[in-house]
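Student: The sequence isn't on hand, but the structure is:
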């Protein structure tokens, strides 16, 4: 990490800022598993950073002797922007009668970095779980959250199994079979899922093989937050943010009728034509299905929830992220995926035995290609020369991070001043095809 500073940096603040910036990077798993960009200059909250990628086309098989002229295709671009929408900040008092520089550096830097890293970690995870598409009309789905799902085996709604190796294998297959650029794969697991996976690695025999594949070390040390281990094509790490933000509570009553209905029969299904793939130059449907449900009135279903399609007793047929809800027509729109990640059609689902429910999901783990999760960090304008305050900006081009420490507001009656840490940032998940949700207990 090569940290650089603004020209007016102070000695103590330099050391504190450098330490805090390094701690911010190490403490945030999603920061390490994403691509960052930093640009010099003064920015304000709400500014945007543009990005684009070219749409997919397919070459034709052309014969110059018989063809009248080879095709020429204008693919166009999928565009988007990263908005500097978050200003994470925290401050500490400094008492000038008892400050020791080394102690100050050792104690306050990691503490402030941790407070910002926690908020930043939660924000980055939300980019893989927060829908941003339009609620009506046609949607060109591209710069959006992942909708593909793999899941452990269940026996009933809300009864998912432990995170296991098959989940990583299926997740890797889902990511690699999409027509997207190659990239590093990351799998970020909830704390419980991480514990289940470490427990599954117990070496019974073939000890040399396990030792060479680092399983023995994994069992001895565990997998501390901020560290990764390579498994099944993924860099696997854990985040305690998913424990709090990556759990879905099951819905006990989906019907407005007097009796509670945790699952609803499917009255009919039809292919949805509003959702198309943004990355294709020609119209290609996303594969969404409109499920018309049998109920008096539909309630407690929201866009972004994970739905289960399957019998009340027995393994799930499919899971899907709810893309639209129409309570008037009692219709829910989603793209269904089998637990192994295979995309399903209406012919794969039975209106006689399969039912719709919103199950409890203990851990919504995520797998994705690193280049799909992007973030931007920028610095704000320093105080004016006679404002009574100063700012230090620590930036690192390698990680794309920039942290500012503001100092001032000296209170002479208390021999006290304040030091405020700030982190101006924005993030975006740029390609839904490069991510997969991995469900476990």
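Tutor: Sure, I can see it. It should be emphasised that the depicted structure is a prediction, and the values quoted were computed from it without experimental measurement.

Student: from here on, contacts and neighbour counts on C-alpha atoms
Tutor: OK.

Student: OK, contacts around residue 352?
Tutor: Neighbouring residues of residue 352 by CA atoms under 8 Å, 6 or more residues apart in numbering: 265, 266.

Student: The stretch 51-200 of the chain: helices as residue ranges?
Tutor: Along the stretch 51-200 of the chain, the stretches classed as helices by DSSP state H, counting those that start in this stretch are 101-126, 165-176, 191-200.

Student: Ok, the stretch 201-350 of the chain next?
Tutor: Under DSSP H, counting those that start in this stretch, the stretch 201-350 of the chain gives helices at 207-212, 215-221, 241-245.

Student: Between the two ends of stretch 229-245, what distance do you get?
Tutor: Separation of the first and last residues of stretch 229-245 by CA to CA, to the nearest Å is 23 Å.

Student: nope, stretch 390-410 is what I was after
Tutor: Span of stretch 390-410 from end to end, CA to CA: 12 Å.

Student: remind me which residues of this protein are low pLDDT?
Tutor: Within the chain, the ranges that satisfy pLDDT under 70 run 1-12, 54-56, 74-76, 98-102, 104-106, 199-224.

Student: max-length strand in it?
Tutor: Across the chain, the longest stretch assigned as strand under DSSP state E is strand 416-429.

Student: can you pull the buried residues of that one?
Tutor: Residues of strand 416-429 classed as buried by neighbour count (16 or more other CA atoms under 10 Å): 417-429.

Student: Kindly report the same for stretch 331-349.
Tutor: 331-346, 349.

Student: What about residue 293, how many residues nearby?
Tutor: The burial count assigned to residue 293 is 24, neighbours taken as other CA atoms under 10 Å.

Student: How many residues are close by the nearest residue to residue 417 once chain neighbours are set aside?
Tutor: Of all residues not flanking residue 417 in the chain, residue 410 sits nearest, at 4.3 Å (CA to CA, 6 or more residues apart in numbering). As a burial measure, residue 410 scores 16 neighbours (other CA under 10 Å).

Student: how close does residue 410 get to residue 109?
Tutor: Distance, residue 410 to residue 109, by CA to CA: 20 Å.

Student: ditto for residue 253
Tutor: 48 Å.

Student: that older thread, among the buried residues of strand 416-429, which one sits closest to residue 405?
Tutor: residue 421 (4.6 Å; CA to CA).

Student: got the contact list for the closest residue to that closest one other than its chain neighbours?
Tutor: Distances taken as CA to CA, 6+ apart place residue 405 nearest to residue 421, at 4.6 Å, with adjacent residues excluded. Contact partners of residue 405, counting by CA under 8 Å, 6+ apart, are 13, 17, 391, 392, 393, 419, 420, 421, 422.

Student: Pairing partners for residue 405 in the sheet, please.
Tutor: Applying DSSP bridges to residue 405 yields these beta-bridge partners: residue 392, residue 421.

Student: How about the contacts made by residue 121?
Tutor: 28, 29, 30, 31, 241.

Student: got it, and residue 295?
Tutor: Contacts of residue 295 (CA under 8 Å, 6+ apart): 255, 256, 257, 264, 265, 330.

Student: Compute the distance between the fifth one and residue 324, please.
Tutor: Spelled out, it's residue 265. 18 Å.

Student: if we can go back for a sec, what packs against the longest strand of the chain?
Tutor: strand 77-83, strand 86-95, helix 101-126, strand 373-379, strand 401-411 (3 or more CA pairs under 8 Å, 6 or more residues apart in numbering; DSSP states H and E).

Student: gap between stretch 153-173 and the chain center?
Tutor: Remark: stretch 153-173 is offset 19 Å from the chain centroid, using CA atoms, centre = their mean, to the nearest Å.

Student: Buried residues in that stretch, which are they?
Tutor: For stretch 153-173, the neighbour count (16+ other CA under 10 Å) marks 153-154, 156-164, 167-173 as buried.

Student: So the residue nearest to residue 169 when sequence neighbours are not counted versus residue 30, what's the distance?
Tutor: Of all residues not flanking residue 169 in the chain, residue 232 sits nearest, at 6.0 Å (CA to CA, 6+ apart). Per CA to CA, residue 232 is found 19 Å from residue 30.

Student: Equivalent analysis for residue 384, please.
Tutor: Per CA to CA, residue 384 is found 35 Å from residue 30.

Student: still on that earlier bit, got the contact list for the residue nearest to residue 417?
Tutor: Contacts for residue 410 (CA under 8 Å, 6+ apart) come out as 416, 417, 418.

Student: Go through those residues and name the one nearest residue 96.
Tutor: Distances from residue 96 to those, taken as CA to CA, are shortest for residue 416 (6.0 Å).
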